[in-house]
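Asker: Please find the sequence and the predicted model below.
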Amino acid sequence: MKRREFIKLSSLLSAGAVASPGFLLGGCAAKPLPGTGKVTTTPTICDMCFWKCAGTVYKEDDELWKITGNVDDLHCGGRLCTRGTGGPGAYLDPDRLKTPLMRKTIDGRQLFVEVSWDEALDFVAGKMKSIAEKHGPEKLLMLNHGAGSSHFRHLLRAYGSDSHAEPAFAQCRGPRDVGFNLTVGESASSPERTDMAHARCIVLIGSHIGENLHNGQVQTLTEALNSGATLITVDPRFSVPAGKSKHWLPIRPGTDLALLLSWMHVLIEEDLYDRDYVERYTFGLEQLREHVRSYTPEWVYLETGIKPGVIRETAREMAKAAPATVVHPGRHATWYGDDTQRSRAVAMLNVLLGSWNRKGGFYKPEKVKLPDYPLPEYPKPKLRTRDAYPGKWPFAPQGVTNGVIEASVGEDAFFKGWLVYGTNLPQTIPNITNTLEAAANSLELVVVVETMPSEMTGYADVILPECTYLERYDELRNSGERHPSLALRMPAFEPKYDSKPGWWIAKQLGHRLGLHKYFPWEDFSEKLDWQLRQVGSSLEEMQKIGVKNFPRKTPMYFHEGEPVRFRTPSRKIELYSQQLADKGFDPMPVYTPPEPVPRGFYRLNYGRMPAHTFGKTTNNPLLYQLAPENQIWVNPLVASEWQLENGDYVRLGSPNGVVSNRVRVRVTERIGPDSVFMAHGFGHRSKRLRLTAGVGADDSSLMHNIKVDPIMGGTGMRANFVTFVKEGEAGAAS
Amino acid sequence: MTRYAMVIDTKTCIGCGDCVVACKTENKVPDGLNRDWIVELTRGTYPRLETEFRSERCNHCSNPTCVTLCPTGASHLWNQTNIVLVDADKCTGCKACIAACPYDARLVMHPDGYVDKCTFCHHRVEQGLDPACVSSCPTRCMHFGSLDDPGSSVSELLQTRKYKVLNPETGNEPNVYYLT
Amino acid sequence: MKEELLVTARSNELIDPGLHIWTWEVAMYLFLGGLTAGIMIFAAYVTLARKDDEAPFAATQLALLAPIALSLGMTTLFLDLEHKLFVFRFYTAFEPTSPMSWGAWILLLIYPVTTLQILATLRRGFPVVVPYVDRWSIPRAVIDWCENHRRQIALVAVPSGIALGIYTGILLSAFSARPFWNSGVLGPLFLISGLSTAAALVALVSREKREKEMFTRLDLVLISAELALVGLFLISLATGTAKHIEALQSITGGPYTMVFWVLFVGIGLLVPLLLEMLEMRGVGKSLALLAPVLVLIGGYALRQVMIDVGQDSTWTRYPSQYSAEMLERMEPN
Ligand SMILES: Nc1nc2c(c(=O)[nH]1)N[C@H]1C(S)=C(S)[C@@H](COP(=O)(O)OP(=O)(O)OC[C@H]3O[C@@H](n4cnc5c(=O)[nH]c(N)nc54)[C@H](O)[C@@H]3O)O[C@H]1N2
Ligand SMILES: Nc1nc2c(c(=O)[nH]1)N[C@H]1C(S)=C(S)[C@@H](COP(=O)(O)OP(=O)(O)OC[C@H]3O[C@@H](n4cnc5c(=O)[nH]c(N)nc54)[C@H](O)[C@@H]3O)O[C@H]1N2
Ligand code: SF4
Ligand code: SF4
Ligand code: SF4
Ligand code: SF4
Ligand code: SF4
Ligand SMILES: [Mo]
């Protein structure tokens, strides 16, 4: 028998009677007016996604009432997005993990058994010790995402391992940040340092802001629209921002790099670029001029389907508004495998427009100088994460999830144990299920720290139930921003059920590993209070105000003619990249046409829906009610060809025979005839997510053709194709 | 009598549904029921398209047929304004008002059975606050105020921008306006 | 292509995907209300027209059926209420703009009037009760008074009956929000239909040959009038706004075509009309019972069709991006 069978958490021993998801939010008898009871408030930082908006939790008669934006928070403009407003659902979800669970084999069957915290923690600490002794601590890997990760990163570094990877790199921002680093020596950072609020022209390449609901992005984009900025959206799908744009460029998928090069061609040919900026700050203009000469709008039209006239006109509009022009760097950039180069082209285009670190282009983020709590040095790890895949992806500055997962398969695998925090790998890493099962089978320890019975928990030896963000302290928010500020997340409630805060779990493990000196605090708030006092505040003050704004100490933009030393080898902005050339990559982005769509198949396009954050909110009772399922968008021509009607349910099939859940058809002109579109995050398999289990289709499992970026290891996900499998025909599959 | 109005800018509304969730939490609307909702309207053929998002709710009509046809006075106007409320203790659940509303803006509270609806958050308006949906909207495309006050944001927007109401042919004279 | 849809899942009970607030309870109430009106009017008519010997049943016994039919109707109406404990609220207010409020109060008026009608012919209609009622002085006095004022009572009964019959139609036509109901013809149509069903009832129950014939003849006239009004009703929709025409389509090719034309117009009006004509010519006596039964069925069918189609006709209809079953998962299991 496999060491680990994937356990759909339905097979939970002593499942016990479970409360119904219905009738949340306090019954429905004729109610007194809201807010007439005893109202109390607590500050929080929203954790419904990773944007970290500061909010205020309202309780009425000690019942959770609502969560709103903290009016003092410039980062969220005092408002939460749909998901943040739906935060109460995360706390109230009756399907939450309730107690620690351990995989046990009971008469031949593997089951999760409810255990005490002591039993669970002793087991994990014991395994961690033996891994450190047998293989060295670096062989314990952390896969993580989200605010609470810091507690466990701290634990592992104290334990001696700096091995870690998060999907926010190789499945998300990696190529963008590497591309910008290679070019301007800095990343576009998160939150994105786009100065859209002051922009007069904004170019979105993909970036479906509005469906992508990153609050600050939505708000600053709207500000720009209200003040009459020109919006140019490049997207094969009629996205929400496309509908708000002066120019929508319905580009042929995968040809963006050609368009970007052609725009640069126009700017240089027509002498529309920012001469002073480019001469002062950049290296390689002449090489670039040569390089883009062949990318004429006429030629690029044949690739992209964007008319030469439109390419020229939009380039001129960008130049007219420059430097107050943002060519948005995007965020989820792992598309076609040449993503670092595409992102570099975006950076270069911004440079030609002189918008990097100029008003209305990009600003220079500033943090609060917040001292670390005095703790002993971490031990120096002998191995780094990259040693797990030697020679690969030279420009990856941090762990590559897909790389480390592969390095966990087999008896002689590099990694021997995993601590997984806040990431649902089966849905997050495309086409990973088999590798994941193989890895899980060879690893000596898989610990999953979760709030929900996600698919990932099915691979665990031990599941540690963390309480939600509304029930705990985490690190202070101190993001690089337009306006430096600190924000506090504190418990509004005692942890529900037998769940615990991440900091507590980490500390308990630390003590069991004899790492007391790294966890000197009784309660995590002591650490926060100490830090706050170093900057003239205190926990007490923050518990009242939630957000404290600090004055900026450095200018937000370059001032005219300011001499700048960029963090690149040449100390200049590198239009031509010697570093890339030295490692055998193109020193300037070269366009390669995308794979054609096979006959009878359609390009699998995917993205966000405003109501949900990936798969982590689809079981949230409030947000489920808003958007219970995802749809497959089908162009009317395709629909009639397949005799599909609005509201029909179909399954999708990939060329390698994977068949999806049934998914509802939406026949719409908003998608072209060559593609279909769905929101990511549905098609959950974990039966204990009772609302969302089996609802909608999962894009990840349909992805079979992953284009890994040789420069940094990102998993390009947009070269995947699907066809329709009508209900009934799907019998055998799924 | 004060005439309150909501003005929603379809040019910036992104259909995110924050207003819908904010209403549910603020007003503790039971599971499965909604006082407001989002409609998406798409016209044209790929790639020549236009889309409009509308956040809809009770229009607090100047000619509220739901009130005129309520047999018990349960449906009434909140102290000399156009804000239409239902008094649960007067409501028989006869559903005449539901049939009387051309905008399907009313709902039956389960399990109780009295009729409920958008209240324009009068409990907030009383305190000088915007309705919950309005103050949640991340794009700030929703505006609320009195049409009697020429200086109010709603009055100004209606003076300076093109707008429409839903199905004016109903004769109900809605007070939720959509900037187009 | 024009695509207009709900992108947030809305599934308000009784309202989504289409309005379905009223079902058979209300249809039955409207039917019985109309029937009651008809009964009162005919009971009064034979009195005023001095047709006691020609129509003994209608003259002396029919009235008793009025409060019975009405009470049944009010029962089904009560069954429809969602907030039943608060039913008394109909009588803590009078809302002049609400036909339903008028209706509530009219119903109260009907009981005393029909009681008087019954009493006025109690002794002749139901001789068995004579020894009991005449034993005491007060009932004796009351009944004497009624018998002496039979015509005056009838003169009150006619307008009360008309009010009741018309109101059941106006109740619906007042809903401007439902284009299909939004026609002035509905009041008269429901009144005539009520009379026709009452006539049929008499033709059905009466044992007196002449009486049967008299009411069959009356019914012929009424059915023809009803057909004319149905025509007017269709025209008034056809000449209305786009929404009215859209509403009309649901019975001209749309989902309700069969029910309306076959069940109501065909079986409920034309077939009985034919049968009754034959009957008048002395043909098909064997079917004598069938015609009135069909008329009664038709009378109910009219209300049911009106309720269904009316609710289905609307100014705003948005299909949803989500399937309704999804939200059923929310419901407590
Ligand atoms: N509501 C909500 N918002 C979120 C999130 C969420 O889960 N929910 N997640 C957040 C996170 S972590 C991220 S990374 C971001 C991701 O959000 P974005 O960074 O905006 O993601 P993208 O992949 O850039 O944009 C998706 C768009 O790209 C279009 N597209 C597809 N193929 C092509 C192509 O070949 N060329 C071009 N030009 N466009 C193409 C799609 O049609 C779609 O409209 O969203 C963030 N915001
Ligand atoms: N096919 C496909 N794959 C993608 C994407 C896509 O669009 N399509 N998007 C990519 C992008 S841009 C990103 S950023 C990644 C995101 O990938 P992930 O970060 O893995 O996002 P989720 O799938 O939401 O998984 C988050 C998990 O954390 C759990 N969780 C939530 N809150 C807490 C908490 O407070 N504590 C703990 N311990 N756990 C918590 C949730 O229950 C959920 O299981 O996905 C990437 N993968
Ligand atoms: S963007 Fe929305 S979900 Fe993300 S943190 Fe802010 S409010 Fe929360
Ligand atoms: S919250 Fe604002 S932007 Fe979002 S749907 Fe509602 S009105 Fe539109
Ligand atoms: S929208 Fe409907 S419920 Fe609201 S006032 Fe108008 S008629 Fe009444
Ligand atoms: S249901 Fe209630 S509010 Fe509506 S009409 Fe009847 S009594 Fe009035
Ligand atoms: S005004 Fe208040 S009640 Fe009405 S929709 Fe907005 S939040 Fe809900
Ligand atoms: Mo991401």
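Answerer: Great, that's in hand. All figures in this text were calculated on a predicted structure; none of them were measured in a lab. Ligands and ions are numbered 1, 2, ... in the order given.
Asker: Enumerate the residues of chain B near ligand 7.
Answerer: Applying CB under 6 Å from any ligand atom, we find that chain B lies next to ligand 7 at B:23, B:26-27, B:35-36, B:57, B:118-121, B:131-133. In short, each C-beta sits where N, CA and C put it, glycine included.
Asker: now, which of the residues you listed lie within helices?
Answerer: In helices, judged by DSSP state H, the following of those are found: B:C23, B:E26, B:A132, B:C133.
Asker: mind putting those residues in TSV, pLDDT, distance to ligand 1 and neighbour count included?
Answerer: Written out in TSV, the entries for these read as follows (pLDDT from 0 to 100; distance: CB to the nearest ligand atom, whole Å; neighbours: other CB atoms under 10 Å in any protein chain shown):
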residue	pLDDT	distance to ligand 1	neighbour count
B:C23	98	19	25
B:E26	98	21	24
B:A132	98	20	25
B:C133	98	18	28
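Asker: what's the most distant pair in these?
Answerer: B:E26 and B:C133 (8.1 Å; CB to CB).
Asker: if I look at those two, which residues touch both of them?
Answerer: Applying CB atoms under 8 Å, 6 or more residues apart in numbering or on different chains, one finds that B:E26 and B:C133 are jointly contacted by B:C121.
Asker: what are the ranges of the strands in chain B?
Answerer: Under the criterion DSSP state E, strands of chain B are mapped to B:4-9, B:37-45, B:48-56, B:75-77, B:84-86, B:106-108, B:115-117, B:142-146, B:163-164, B:176-179.
Asker: Can I get those in JSON lines including mean pLDDT and mean neighbour count?
Answerer: Rendered in JSON lines, the data for the strands of chain B read as follows (pLDDT from 0 to 100; neighbours: other CB atoms under 10 Å in any protein chain shown):
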{"stretch": "strand B:4-9", "mean pLDDT": "98", "mean neighbour count": "24"}
{"stretch": "strand B:37-45", "mean pLDDT": "98", "mean neighbour count": "18"}
{"stretch": "strand B:48-56", "mean pLDDT": "98", "mean neighbour count": "19"}
{"stretch": "strand B:75-77", "mean pLDDT": "98", "mean neighbour count": "19"}
{"stretch": "strand B:84-86", "mean pLDDT": "98", "mean neighbour count": "23"}
{"stretch": "strand B:106-108", "mean pLDDT": "96", "mean neighbour count": "23"}
{"stretch": "strand B:115-117", "mean pLDDT": "97", "mean neighbour count": "24"}
{"stretch": "strand B:142-146", "mean pLDDT": "98", "mean neighbour count": "21"}
{"stretch": "strand B:163-164", "mean pLDDT": "98", "mean neighbour count": "14"}
{"stretch": "strand B:176-179", "mean pLDDT": "98", "mean neighbour count": "22"}
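Asker: where are the low-confidence patches of the chain?
Answerer: The chain I'm using is chain A. Judged against pLDDT under 70, the low-scoring parts of chain A cover residues A:1-30, A:727-734.
Asker: if you could check chain C rather than the one you did, that'd help
Answerer: Judged against pLDDT under 70, the low-scoring parts of chain C cover residues C:284, C:331-333.
Asker: Now for chain C: which helix has the highest residue count?
Answerer: Ranked by residue count and defined by DSSP H, the top helix of chain C is helix C:209-238.
Asker: and that helix, which residues are buried?
Answerer: Within helix C:209-238, the residues scored as buried using 16 or more other CB atoms under 10 Å in any protein chain shown are C:211-216, C:218-220, C:222-223, C:225-226, C:229-230, C:233-234, C:236-237.
Asker: Filtering the residues you listed by proximity to chain B, which remain?
Answerer: Among the buried residues of helix C:209-238, not one lies near chain B by CB under 8 Å from any CB of the partner chain.
Asker: now, which of those lie close to ligand 3?
Answerer: Counting by CB under 6 Å from any ligand atom, no member of the buried residues of helix C:209-238 is near ligand 3.
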